[in-house]
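Colleague: Give me coordinates for this.
(chains A and B)
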Amino acid sequence: MSLDSPNSYLKKTHCILGYKGQTGILSYLLTLDHKRIGVMYLISTMTAFLVAGLLALGVRTELLSPEKIMVTPQQYNRMFTLHGAIMIFLFIIPSVPAALGNIILPIMLGAKDVAFPRLNLLSYWLWIVGAVTALVAISQGGIDTGWTFYTPYSTSARPGVIAMAVGVFILGFSSIFTGLNFMVTMHKLRPPGMTWFRMPLFLWALYATALMQIIATPVLGITVVLLGVENIMGVGIFDPKLGGDPVLFQHFFWFYSHPAVYIMIVPGFGIISDVISIHARKHIFGYSFIAFSSVAIAILSFLVWGHHMFTSGQSTVVNVIFSALTFTISIPTAVKIYNWIATLYKGSIQFTTPMLYALAFIFLFTIGGLTGFPLATLATDVHLHDTYFVVAHFHYVMMGGLVIAMLAGLHHWWPKFTGRMYSETWGRVACALIFVGFNITFLTQFLMGAQGMPRRYYTYVPEYQIYHQTSTAGSYVLGLGFLVMLLYLVHSLFKGRPAPANPWGGATLEWRCSSPPRYDNFETTPTVGDPYDFSDLRYDPSIGGWISNDAPVAAGKAS
Amino acid sequence: MIHDPTQGAFARALRRTATPGRALAGLALGVLLLVLAGCGAKTGSLHLPPEDSSVAPRVDWIYYFVYWICLFYLGHITLVMLWFLWKYRRRPGVEPQASPSHNTPLEIAWSLPPCVLVVFFFVYGFQEYVDISTPPADAYKIQCIAKQWDFRFVYPNGGKSKELHVPKGEPVEVVLESEDVIHSFYIPRFRIKQDVVPGRFTEVWFTATTATKPGEHFWLFCAEYCGDSHSFMRSKVIVHENRADFDAWVKALAKPLSGEEVFQMYCASCHLKTEAALVGPGLKGVYGSKRKVLDAETGREIEITADEDYLRESILEPGKKLSRMGREFPNVMDPSFATKLKKSEVDAVIRYLRDELK
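Modeller: Residues are numbered from 1 along each chain as shown, chains lettered A, B, ... in the order given. Presented below is the predicted three-dimensional model:
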């Protein structure tokens, strides 16, 4: 069990077949190393993002005109279903915790791996099995229900929904195992000196996320089992023809999916806290507020699911209660923004690519958060519900929030786990394109939605065409931004300047090991102080990175 | 002590012309201009369509109340951020300055105003919502039956229509039911929406405050995704100037429907009046023509003449002989026309196919 001994378990079992210094494909596919598992998650989730992103461009292109451009209504409905399902289940939920979290969490803790490396590998393979099952079911079963799978439409018309649900069920276990693994790791493997309140905020965010994954995801499993029981045994649960209640499905679905929204965004908060502090060389403002608010959000997120159902026919009293609870969750979320801005005060702000993404996040997430108010306010939600206003709102939160935060984290830690620097110039160009394209695409959708354009529409009345065309034009700019990003990131892997151990001047532990880290991360367990105290670091132009004042080249004998 | 990895003319030019600060400022200004335009009412505004029901002005008032406060928040957050970005940008010889890393009074101070504001949002939204969701006892009642993919309205005298007709200035309660999946009844210009859930009745009410001009209408959309033709599931709302006009119109409904009216109400959401196929084959020229069909009993493709018997059978027992004209059509036609349509209505629509859609 001793992870620290020189002949440790980890060194012997770097790969499930035994560590022999392999670099072949099997040494990746069967690895127990958290960084390699993280990289596999990263490649898988980014592939999912690419596919779902291309589907989104297809959807937007079709909407250039109310007439048919390239697909029939049926194909269009399948396209937006695939877009939503892939983005949510295969990209957004696993992207930050499973991909970036796996790579960074143990290093941030100064640990050699997560607490259960084999379980970690199992999570990844469960993810693959779940993803393949779900994708085969969606594409072969012709599922066109939207990612929400509302009954009775989903069950009456589409038998493939059950197969799809099995895939989601398996994905759920992947998510639960990752959550458990991270939670145990944070409890048991913190290095000497790292008390709970000296954990970097990214770890607090991952902790809150793990909590939600463990509590909420089983409900998704239960829902899937109930769907199966109804479908196979004919017990009336959700289908009114059998005496069931379709609104009950919505309760089950959102009881999972609303916390899932926070499973998606909370890790983003953690990334932003760390990136802003490091790139402004300033101690994070209000550490304990940010840490507690992540946990508060995790708990409150279980109490607000009914706000997705204000027009569903649930009782007025229930709606009023959910409206009130929804407002309570907005406070900790909103006030975090002030903490980030206060962190900038009297700092030394460098406009690196990760920082630009973090700043873009603040602007976009503020819009995303504020546009939640007219949706939480009952009278205005009646008008705005199920229109493009909602579509724009959750894209500002999910994409302007989580995806942009994920990109901030990706660019922030890219030198660490690849050992290469990317082109800052192209990084900034891509960030600008994504920022501008995103706003053109989705600001327009707020207006279109408030004007009454319902979502999930293949065709529309002519008054909305100008909005759709503007939005589609924006989406092409957005797509171009991502293309540029793909090119320079891949280029950096082959031609990038070797990264120093600490290119940005971070004080958290991952910047103390080499870039990329050796396979067991640290030779000796490091000790830690305040993760946001940068006074001990100075810039060394000869290596293009930051080093400790007293220990010239600390643990990081770069590459 | 500046770490700046960007070099080259392009990078310098980019920095000169498009600092992130300026890009953000430009965007913020653009957003501001965009939204300042947003304060009309009767004629509609950049944000909201015209207000044509009694609740619309009150809902819009709350919308703008929330909106201006949100805009204030977005504005000052963005401006303070830009100010800090400019003032504390990294430059040679300037080190970060010491400042406290937390300040409890400040943190409480900026948490309090949002706490108070959301109470106002909640209370206004809640009060208005209770009004929106409580129909007055004396409201005129219309029944609405939603199915894939149209709405049908039944008035107190038993008359049916595909478009919703209502009188101006009187509360109207629409009782909603669904024959298949969940739909949603949404009239943007009235600011009302209510899901139509199979297995239960839901209600929605409104008082129209603007009469539609002849030939004009308000849109009624299905707002809950319901399958292939979800986006085609829309209807028109026609508001009569006064109760007398409306009553006359309802009275006329009780007359037997003409063949064209039957076609419009029951057939037109899937069949076009031309030869082009929609969900089902186009019906122009169908009467008397030679048709390739799939005989469900034998499973073979046969050729028949579309005479009265064939058309009647196709209406009353839709799956029996499926059209194979041009392509294979799925067997999705509503099988319940045998009970839904009167015999005289079936006769009328067949006469319409024979005489009008030659």
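Colleague: in chain B, which residue is closest to the centre?
Modeller: Central residue of chain B (C-alpha atoms, centre = their mean): residue B:221, 3.3 Å from the mean position.
Colleague: Give the helix, strand or coil label for that residue.
Modeller: strand (DSSP: H, G, I helix; E, B strand; the rest coil).
Colleague: my guess is it meets residue A:455, correct?
Modeller: No: in this structure, residue B:221 is not within contact of residue A:455 by C-beta atoms under 8 Å, at 10.5 Å. (Each C-beta comes from the backbone N, C-alpha and C, glycine too.)
Colleague: list residues touching both of the two?
Modeller: Common contacts of residue B:221 and residue A:455 (C-beta atoms under 8 Å, 6 or more residues apart in numbering or on different chains): none found.
Colleague: Could you report the distance from the residue nearest to the centre of chain B to chain A?
Modeller: Using C-beta to the nearest C-beta, to the nearest Å, residue B:221 is found at 5 Å from chain A.
Colleague: gap between that residue and residue A:461?
Modeller: Distance of residue B:221 to residue A:461, computed by C-beta to C-beta, to the nearest Å: 9 Å.
Colleague: what do the two both touch?
Modeller: residue B:234.
Colleague: any idea which element the residue in chain B sticking out farthest from the centre lies in?
Modeller: Taking C-alpha atoms, centre = their mean, the residue of chain B most remote from its mean C-alpha position is residue B:93, at 59.1 Å. Assigned by DSSP states H and E, residue B:93 belongs to no helix or strand.
Colleague: What does the pLDDT read for it?
Modeller: What the model reports as pLDDT for residue B:93 is 82.
Colleague: Over to the one 5 residues further on?
Modeller: Residue B:98 is assigned a pLDDT of 87 by the prediction.
Colleague: Name the SS class of it, please.
Modeller: Per three-state DSSP, residue B:98 ends up coil.
Colleague: Please report the distance of it from residue A:345.
Modeller: Going from residue B:98 to residue A:345 by C-beta to C-beta gives 11 Å.
Colleague: who's more crowded, those two?
Modeller: Legend: neighbour count by other C-beta atoms under 10 Å in any protein chain shown for residue B:98 and residue A:345, higher for residue A:345 (18 against 10).
Colleague: Residue numbers of the stretch 51-200 of chain A in contact with chain B?
Modeller: By C-beta under 8 Å from any C-beta of the partner chain, the part of the stretch 51-200 of chain A that sits against chain B consists of A:73, A:74, A:77, A:144, A:145, A:146, A:150, A:152, A:153, A:156, A:157.
Colleague: Using a markdown table, lay out those together with secondary structure and pLDDT.
Modeller: Formatted as a markdown table, those follow (DSSP: H, G, I helix; E, B strand; the rest coil; pLDDT from 0 to 100):
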| residue | secondary structure | pLDDT |
| --- | --- | --- |
| A:73 | helix | 91 |
| A:74 | helix | 89 |
| A:77 | helix | 92 |
| A:144 | coil | 84 |
| A:145 | coil | 84 |
| A:146 | coil | 84 |
| A:150 | coil | 86 |
| A:152 | coil | 82 |
| A:153 | helix | 83 |
| A:156 | helix | 71 |
| A:157 | helix | 58 |
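Colleague: from those, which would you call buried?
Modeller: Buried members of these, counted by 16 or more other C-beta atoms under 10 Å in any protein chain shown: A:73, A:77, A:144, A:145, A:146, A:150, A:152, A:153, A:156, A:157.
Colleague: Pick out the most distant pair among those residues.
Modeller: A:73 and A:152 (20.0 Å; C-beta to C-beta).
Colleague: is the residue nearest to the centre of chain B in a bridge, and if so with what?
Modeller: Note on residue B:221: beta-bridge partners by DSSP bridges are residue B:186, residue B:234.
Colleague: ok now do it, which residues does it touch?
Modeller: Neighbouring residues of residue B:221 by C-beta under 8 Å, 6+ apart: A:452, A:454, B:186, B:187, B:188, B:233, B:234.
Colleague: Mind putting those residues into CSV with distance to residue B:89?
Modeller: CSV is the format used below for the contacts of residue B:221 (distance: C-beta to C-beta, whole Å):
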residue, distance to residue B:89
A:452, 44
A:454, 45
B:186, 48
B:187, 51
B:188, 46
B:233, 54
B:234, 53
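Colleague: Can you flag the buried ones in those residues?
Modeller: A:452, A:454, B:186, B:187, B:188, B:233, B:234.
Colleague: Now do the same contact list for the last one.
Modeller: Shown here is residue B:234, whose contacts under the criterion C-beta under 8 Å, 6+ apart are A:461, B:219, B:220, B:221, B:222.
Colleague: helix or strand right after the longest helix along chain B?
Modeller: When chain B is scanned for its longest helix (criterion: DSSP state H), the result is helix B:56-87. Going down the chain from helix B:56-87, the next helix or strand is helix B:104-132, by DSSP H and E.
Colleague: Helix B:56-87 and that next one, what's the angle between them?
Modeller: Here the directions of helix B:104-132 and helix B:56-87 differ by 160 degrees (axes from the mean of the first three to the mean of the last three C-alpha atoms, to 10 degrees).
Colleague: Taking the stretch 251-358 of chain B, what residue is nearest to chain A?
Modeller: The minimum distance from the stretch 251-358 of chain B to chain A, using C-beta to the nearest C-beta, falls at residue B:279 (9.3 Å).
Colleague: Now do the same contact list for that residue.
Modeller: Per C-beta under 8 Å, 6+ apart, neighbours of residue B:279: B:228, B:229, B:269, B:270, B:271, B:329, B:332.
Colleague: could you redo the last one with a cut-off of 6 Å?
Modeller: residue B:270 (C-beta atoms under 6 Å, 6 or more residues apart in numbering or on different chains).
Colleague: Got the phi and psi for it?
Modeller: As for residue B:279, its main-chain torsions (degrees, to the nearest 10) stand at phi -80, psi -40.
Colleague: what's the spacing between it and residue A:362?
Modeller: In terms of C-beta to C-beta, residue B:279 sits 48 Å off from residue A:362.
Colleague: now do residue A:480
Modeller: Distance, residue A:480 to residue A:362, using C-beta to C-beta: 24 Å.
Colleague: Looking at these two, which one has more neighbours?
Modeller: residue A:362 (21 against 15).
Colleague: what helix or strand is the closest residue to that one other than its chain neighbours on?
Modeller: Of all residues not flanking residue A:362 in the chain, residue A:340 sits nearest, at 5.8 Å (C-beta to C-beta, 6 or more residues apart in numbering or on different chains). Assigned by DSSP H and E, residue A:340 belongs to helix A:316-344.
Colleague: tilt between that helix and helix B:56-87?
Modeller: 20 degrees.
Colleague: Now the contacts of residue B:221 in a markdown table, please, with extra columns for pLDDT.
Modeller: Conversion of the contacts of residue B:221 to a markdown table gives the following (pLDDT from 0 to 100):
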| residue | pLDDT |
| --- | --- |
| A:452 | 93 |
| A:454 | 95 |
| B:186 | 96 |
| B:187 | 96 |
| B:188 | 95 |
| B:233 | 94 |
| B:234 | 93 |
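Colleague: Just flag the most distant two among the residues of the stretch 51-200 of chain A next to chain B.
Modeller: Among those, A:73 and A:152 lie farthest apart (C-beta to C-beta), at 20.0 Å.
Colleague: Keeping just the C-alphas, turn stretch B:129-149 into CSV.
Modeller: What follows is stretch B:129-149, C-alpha atoms only, in CSV (Å, rounded to 0.1, in the frame of the first residue of the first chain):
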residue,chain,number,x,y,z
TYR,B,129,-48.1,34.3,-12.2
VAL,B,130,-51.0,33.6,-9.8
ASP,B,131,-53.2,35.9,-12.0
ILE,B,132,-52.0,34.2,-15.2
SER,B,133,-52.8,30.8,-13.8
THR,B,134,-56.2,31.5,-12.2
PRO,B,135,-59.0,31.8,-14.8
PRO,B,136,-61.9,34.0,-13.8
ALA,B,137,-65.1,32.1,-13.0
ASP,B,138,-67.1,33.8,-15.8
ALA,B,139,-64.6,33.1,-18.5
TYR,B,140,-65.9,31.9,-21.9
LYS,B,141,-64.8,28.2,-22.3
ILE,B,142,-63.3,26.7,-25.4
GLN,B,143,-62.0,23.2,-25.6
CYS,B,144,-58.7,22.5,-27.4
ILE,B,145,-57.6,19.1,-28.5
ALA,B,146,-54.0,18.8,-29.5
LYS,B,147,-52.5,15.9,-31.4
GLN,B,148,-49.6,15.3,-33.6
TRP,B,149,-49.6,17.7,-35.4
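Colleague: All set now, cheers.
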